[in-house]
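> Just need the structure, nothing else, for what follows:
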Amino acid sequence: MRYRTRLTAPAALIGTAAALSVGTQAHAAPATGTRTGTPGPETLGDSVYPSLGNDGYRVAAYHLDLAYDATTKLVDATATLKITTTQELTRFSLDALGLDIHTVTVAGRAAAFEQAGEKLRITPARCLPAGRKADVVVTYTADPRRTLAHTAWVPTPDGFAVCPQPDAAHTVFPCNDHPSDKADFAFRITVPDGLRGVASGRLVRTEKLAGDRTAYTYRSRSPIATEVVQITVGDYVIKERQGPHGLPLRDVVPVSRAAALEPALALTPNLVGWLEARLGAYPFETYGLLPANTDAEFPGEFTGLETQTLTLYKPNYLLQAEPKIGSHMMHELVHSYFGNLVSPATWADLWINEGHADFYGLLYRYERGWPDSIGMTTMEARMKNTYAQGDQWRRTSGPVAASNAVNLFDSQRYLGGVLVLYALRNEIGESAFNAVERTFLDRFRNASASTDDYIAVASEVSGRDLSGFLRDWLYGTKTPRMPGHPDWTVTPPSSALRQPESRTDGHHDNSATL
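Sure thing, here's the model as predicted:
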């Protein structure tokens, strides 16, 4: 829990403006002062998404003030970013795509800006020295229905939700769009009466405004990575219940679907209790589900997304019986720990998120005797099946911790990650493995962590140098022997085979918990 800065009152929203034409848009502001610094690098050097993020500064907090117009279906917004420079800057950039930018100020002064590709380049009126704290305020308009190369917007008949993972938060708000730069968030969402605005975190204020409008303000208790922010507007009912140890649970449910979805929503308290017994107390201020009010495909064609404190779901998926959905609900809940509490340092570290989510999701399934998608009922049987395909997957998808933008969300990051964790548990024993898990979560709480960080914790806690063992499993081109199962064999790879159980056009639909 932390608050690094005090969030200022939201800036006034401006009216809807016409969309800017495609291409670079430059807006000049008076330039004053001496410019001795350099432009900040427009990358954080991610191996999977090298264009994401911007170096030269870090973001301490975002305040997003959004107003939804139910007639035009547009969003007028002001984003206030509290940044600290890491070098002297004559210019810096934010990630931004599909946003009609109106004005930019830096430290209270109008700043020149231009939109080029997926970057918003900002030239402040005065050079920013290293270590300078400054507010960057951007006013803009967004169209949730705009066609873009990729988008986080999920339009619904009565509003929208967002699914930013992995590289689309900047289609909703200008940001440093990389999970290594987590920040505190506050959201103020203004909607016409009859609709509800909801976001990650807890509701801290409700304002009745002129013109039959209401503003809802939410604030996060813990920092959030941009890729797991949730902001939604719709005709919702908020269903509250209590989880273990008095944990407030809140589901945000379309009014027209509330009764039908209740059996699925009622499963959450027991899911939280089961996971707390293994990973410790739930780490955030609340949890719940958001079944978006649409039957259309989400961007990325996934089933659920672990947006922090409020998991986004396709509503029809949750209408199934518990044995069909319970394992995947656990998968998404696990992301509150692996993915949200501890975020990936780079996108190549995604296996930590997805491997752990499938690992505990499958354990939950098999404890209950629910057959998985290929008819297996034990972790050992599923891992033997996965192990046999190990070399094939390494050929078609690369090693578990060596992904690229094309294969990032395929089965190698999910089941392949489970296989690594299964091997580690067999190698060091269940007690040591459980200690590794908790130590890793405690050490990197509210921060980001890499594969190297996980290897270091595993070595420290087990009292053994596991770097060679885990690097072979995570980066090797051949599948290592499975501890405890010398009889397990790997099927030789064939160029005629495609990777099983995988869809390269989806995200979480490659989870073995579905």
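
> Show me how far stretch 350-366 is from its chain's centre.
Computed by CA atoms, centre = their mean, to the nearest Å, the chain-centroid distance of stretch 350-366 equals 16 Å.

> my bad, stretch 104-119
Remark: stretch 104-119 is offset 26 Å from the chain centroid, using CA atoms, centre = their mean.

> Contact partners for the spatially most central residue of the chain?
Centroid-nearest residue in the chain: V228, 2.8 Å away (criterion: CA atoms, centre = their mean). Contact partners of V228, counting by CB atoms under 8 Å, 6 or more residues apart in numbering, are P164, Q165, S200, L305, E306, T307, Q308, H335, G339, N340, S343. C-beta here means a position set from N, CA and C on the backbone, and glycine is covered the same way.

> Now render these as CSV, adding distance to I189 and secondary structure.
What follows is the contacts of V228, written out as CSV (distance: CB to CB, whole Å; DSSP: H, G, I helix; E, B strand; the rest coil):
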residue, distance to I189, secondary structure
P164, 16, coil
Q165, 21, coil
S200, 11, coil
L305, 19, strand
E306, 21, coil
T307, 15, coil
Q308, 16, coil
H335, 24, coil
G339, 24, coil
N340, 21, coil
S343, 24, strand
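
> Format those residues as JSON lines; extra columns: neighbour count and pLDDT.
As requested, these are arranged in JSON lines below (neighbours: other CB atoms under 10 Å; pLDDT from 0 to 100):
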{"residue": "P164", "neighbour count": "27", "pLDDT": "97"}
{"residue": "Q165", "neighbour count": "28", "pLDDT": "97"}
{"residue": "S200", "neighbour count": "24", "pLDDT": "98"}
{"residue": "L305", "neighbour count": "29", "pLDDT": "97"}
{"residue": "E306", "neighbour count": "24", "pLDDT": "98"}
{"residue": "T307", "neighbour count": "26", "pLDDT": "98"}
{"residue": "Q308", "neighbour count": "27", "pLDDT": "98"}
{"residue": "H335", "neighbour count": "22", "pLDDT": "98"}
{"residue": "G339", "neighbour count": "24", "pLDDT": "98"}
{"residue": "N340", "neighbour count": "27", "pLDDT": "98"}
{"residue": "S343", "neighbour count": "27", "pLDDT": "98"}
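
> can you put those in TSV and add distance to N316?
Listed next are the contacts of V228 as TSV, based on distance: CB to CB, whole Å:
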residue	distance to N316
P164	22
Q165	21
S200	24
L305	16
E306	19
T307	19
Q308	24
H335	21
G339	24
N340	25
S343	30
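
> ok, back up a step: okay, the residue nearest to the centre of the chain: pLDDT?
Turning to V228, the model gives it a pLDDT of 98.

> just V104 next, same as before
So, for V104, pLDDT stands at 98.

> and if you look at the one 4 residues further on?
Note for G108: predicted pLDDT of 98.

> for A26, same thing?
At A26, the model reports a pLDDT of 71.

> how deep is it tucked in, by neighbour count?
Residues lying near A26 (other CB atoms under 10 Å) number 11.

> From G53, how far off is it?
Distance of A26 to G53, computed by CB to CB, to the nearest Å: 23 Å.

> For this structure, just list every one of the helices.
For the chain, helices defined by DSSP state H occupy the ranges 258-265, 268-279, 322-334, 350-367, 379-388, 390-397, 411-428, 430-443, 451-462, 467-475.

> could those helices go into CSV alongside mean neighbour count?
Listed next are the helices of the chain as CSV, based on neighbours: other CB atoms under 10 Å:
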stretch, mean neighbour count
helix 258-265, 16
helix 268-279, 17
helix 322-334, 22
helix 350-367, 25
helix 379-388, 18
helix 390-397, 21
helix 411-428, 25
helix 430-443, 16
helix 451-462, 20
helix 467-475, 18
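
> could I get these as TSV with distance to F185?
Below are the helices of the chain laid out as TSV (distance: least, CB to CB, whole Å):
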stretch	distance to F185
helix 258-265	24
helix 268-279	23
helix 322-334	20
helix 350-367	20
helix 379-388	37
helix 390-397	33
helix 411-428	26
helix 430-443	21
helix 451-462	24
helix 467-475	32
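
> Any idea which of those gets closest to L148?
Closest of the helices of the chain to L148 is helix 350-367, at 22.8 Å (criterion: CB to CB).

> so who does E306 touch?
Here E306 is in contact with V228, E332, H335, S336, G339, N340, A357 (criterion: CB under 8 Å, 6+ apart).

> Quick check: the closest residue to it other than its chain neighbours vs R188, distance?
Leaving aside its chain neighbours, E306 sits nearest to H335 (3.4 Å; criterion: CB to CB, 6 or more residues apart in numbering). Using CB to CB, H335 is found at 26 Å from R188.

> got it, and H485?
Taken as CB to CB, the span from H485 to R188 is 55 Å.

> Looking at the two, which is more packed in?
Using other CB under 10 Å, the more surrounded residue of H485 and R188 is R188, with 26 against 15.

> where does the stretch 1-150 of the chain have low pLDDT?
1-25, 28-36 (pLDDT under 70).

> go again using 90 as the cut-off
Counting by pLDDT under 90, the ranges of the stretch 1-150 of the chain that qualify are 1-37.

> Tell me where it has strands.
In the stretch 1-150 of the chain, the segments counted as strands under DSSP state E, counting those that start in this stretch are 25-27, 38-39, 57-68, 75-85, 89-95, 99-106, 109-110, 112-116, 119-123, 133-142.

> Tell me how many other residues surround T309.
By the other CB under 10 Å criterion, the neighbourhood of T309 contains 27 residues.

> For it, report the pLDDT, please.
So T309 comes in at 98 (pLDDT).

> and it, what is it in contact with?
S200, G201, S220, Q230, F284, E285, T286, Y287, G288, S336.

> try 6 Å
For T309, the contacting residues are S200, F284, T286, Y287, by CB atoms under 6 Å, 6 or more residues apart in numbering.

> now the second one: how far from A292?
Translated: F284. F284 sits at a distance of 21 Å from A292 (criterion: CB to CB).

> more crowded one of the two?
A292 (25 against 21).

> looking at it, the more buried one is touching A161, isn't it?
Yes: counting by CB atoms under 6 Å, A292 touches A161, with 4.4 Å between them.

> Overlap in contacts, the two.
V154.

> Y414: which of the strands of the stretch 1-150 of the chain is closest?
Comparing the strands of the stretch 1-150 of the chain by CB to CB, strand 89-95 comes nearest, at 26.6 Å.

> So what touches the closest one?
Here strand 89-95 has contacts from 35, 37, 39-40, 42, 54, 56-57, 118-123, 127-128, 170, 174-175, 177, using CB under 6 Å, 6+ apart.

> Likewise for stretch 265-277?
G243, P244, L249, D251, Y282, M329, M330, L333.

> Between those, which sits nearest Y140?
When the contacts of stretch 265-277 are compared against Y140 (criterion: CB to CB), the nearest one is D251, at 30.6 Å.

> With G98 as the reference, measure out to P50.
P50 is 20 Å from G98, by CB to CB.

> err, P269, not the other one
Here P269 is placed at a distance of 39 Å from G98 (CB to CB).

> hang on, isn't E42 packed against L120?
No: between E42 and L120 there is no contact under CB under 6 Å: 10.2 Å.

> ok, the two, which is more surrounded?
Counted by other CB under 10 Å, E42 and L120 do not tie: L120 has more neighbours, with 26 against 22.

> quick one: low-confidence parts of the stretch 251-400 of the chain?
Across the stretch 251-400 of the chain (using pLDDT under 90), the flagged ranges come out as 296-302.

> hmm, back to that, for the contacts of T309, give me CSV that also has distance to E88.
Shown next, in CSV, are those (distance: CB to CB, whole Å):
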residue, distance to E88
S200, 34
F284, 37
T286, 41
Y287, 42
